[in-house]
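Student: Quick one: sequence plus predicted model below, questions after.
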Amino acid sequence: MTKKNVLSIKNLNKVYSKDSDSPTNALNNLNLDVQEGEIFGLLGPNGAGKTTFINILAGTVIKSSGNVNVWGFDLDLNPRQVRASIGIVPQEINLDPFFSPRKLLELQAGLYGIKEKDRITDTILKLVSLEKQANSYARSLSGGMKRRLLMAKALVHKPPIIFLDEPTAGVDVELRKNLWDNVKLLNKQGVTVILTTHYLEEAEQMCNRIGILNKGNLVALDSTKNLLMRIKTKKMIFKTQNKIKLEDDDLESLKVIYNKENEICVSYEKSKVDVENIISLIKQNNNKIEDISTDDGDLEDVFLRLTKN
């Protein structure tokens, strides 16, 4: 069964022009579809256009041209319905310090026109583990609790799509795990999640598909698995009884990264070298291999290769 697109972007452009002589293209002809139920990662270095993209959807930045469709609503024709279809968790913590979590959520629900009988404040507070702090001043909350409160605010109107802009920036490992557990739970409940993050290992573990932006251009869009398959080289570390005599290009594309007394690390192109040939080369002169470890690379390798220019 084919899932529907909940977000469809066609030829989206945003040009910032302080003066007509030096315009800045924040987004260049962006085309992107996100399917219902996905956890989609939007990655890119600073200045790539990620925040501009989110702000266009939020209605705080006006696009220069192109079409944006969210949950079946056209941004130009139905901006209110578009905003009602998404919840945005910003990177910056911006909360009234003298409001309690309960008061902030009730206020947010009122801004969306949700009647008191239809509000789910207690449910959301429980979801983000803030029920015990429901009536405390926001200023008394820890940094992690404030992060969770931002997520809670984004959920008051029960949006089918939630955007998280660098949700774990500057938080500790325990809080990061807690936030991702919340994201996974929301996704299991049917919420489509779109996130930006600098933590590539998180994107690798969390996302079904990933788009990579660089200087306003979408330079990659694929499943996480397929992106990782773009890595051409592989590393192998051999622990041996004696030092190995091995040189670069003893096999095609083979490179010696380091060669210690009882350990050697080599890299090679997976399409050009058979692992068995490397093992045979190292076993020459009756040298015994005591241990082998491998490194297939990760999403960071793909990211750096695609954004290095």
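Tutor: Arrived safely.
Student: phi, psi of the most centrally placed residue in the chain?
Tutor: Relative to the mean C-alpha position of the chain, the nearest C-alpha, by CA atoms, centre = their mean, is the one of Gly41, at 3.5 Å. When quoted as degrees, to the nearest 10, the phi and psi of Gly41 stand at phi -100, psi 130.
Student: any idea how far the nearest residue to it once chain neighbours are set aside lies from Val128?
Tutor: Taking CB to CB, 6 or more residues apart in numbering as the measure, Gly41 lies nearest to Cys207, with 3.7 Å between them; neighbours along the chain are not counted. Where C-beta positions appear, they are placed from N, C-alpha and C, glycine not excepted. If you measure Cys207 against Val128 using CB to CB, to the nearest Å, the figure is 21 Å.
Student: Next: Leu12.
Tutor: Taken as CB to CB, the spacing of Leu12 relative to Val128 amounts to 32 Å.
Student: How far does stretch 72-83 stretch from one end to the other?
Tutor: Start and end residues of stretch 72-83 are separated by 12 Å (CA to CA, to the nearest Å).
Student: How about stretch 207-221?
Tutor: Across stretch 207-221, the terminal residues are separated by 12 Å (CA to CA).
Student: Name the residues that touch it?
Tutor: Taking contacts as CB atoms under 8 Å, 6 or more residues apart in numbering, the residues outside stretch 207-221 that touch it are 14, 25-32, 34, 38-45, 47-50, 53, 195, 203, 222-224, 227, 299, 302-303, 306-307, 309.
Student: Would you mark the buried spots in that stretch?
Tutor: 207-216, 218-221 (16 or more other CB atoms under 10 Å).
Student: and what of stretch 191-209?
Tutor: Judged by neighbour count using 16+ other CB under 10 Å, the buried positions of stretch 191-209 are 191-197, 199-200, 202-204, 206-209.
Student: same check, this time on stretch 109-117
Tutor: Judged by neighbour count (16+ other CB under 10 Å), stretch 109-117 contains these buried residues: Ala109, Ile114.
Student: tell me the contacts of the spatially closest residue to Ser100 that is not a sequence neighbour?
Tutor: With sequence-adjacent residues excluded and distances taken as CB to CB, 6+ apart, Ser100 is closest to Asn135, at 4.8 Å. When contacts are counted by CB under 8 Å, 6+ apart, Asn135 touches Ser100, Pro101, Arg102.
Student: Please apply the same query to Val82.
Tutor: Val82 makes contact with Leu57, Gly59, Val68, Val70, Trp71, Phe73, Asp74, Leu75 under the criterion CB under 8 Å, 6+ apart.
Student: rerun that using 7 Å as the cut-off
Tutor: With contact taken as CB atoms under 7 Å, 6 or more residues apart in numbering, Val82 is in contact with Val70, Phe73, Leu75.
Student: Pull up the gap between the last one and Val193, please.
Tutor: According to CB to CB, Leu75 and Val193 sit 20 Å apart.
Student: same check, this time on the second one
Tutor: Summarising the geometry, the distance separating Phe73 from Val193, computed by CB to CB, is 19 Å.
Student: now Leu95
Tutor: Where Val193 is concerned, Leu95 sits at a distance of 22 Å (CB to CB).
Student: measure stretch 75-94 end to end?
Tutor: End residues of stretch 75-94 are separated by 26 Å (CA to CA).
Student: got the buried residues for it?
Tutor: Of all the residues in stretch 75-94, those buried under the rule 16+ other CB under 10 Å are Leu75, Asn78, Val82, Arg83, Ala84, Ser85, Ile86, Gly87, Ile88, Val89, Pro90, Gln91.
Student: Next: stretch 121-137.
Tutor: Using 16+ other CB under 10 Å as the test for burial, stretch 121-137 gives Thr121, Ile124, Leu125, Leu127, Val128, Leu130, Gln133.
Student: Quick one: residues contacting the last one.
Tutor: Same thing as Gln133. Neighbour list for Gln133: Pro101, Leu141, Met145 [criterion: CB under 7 Å, 6+ apart].
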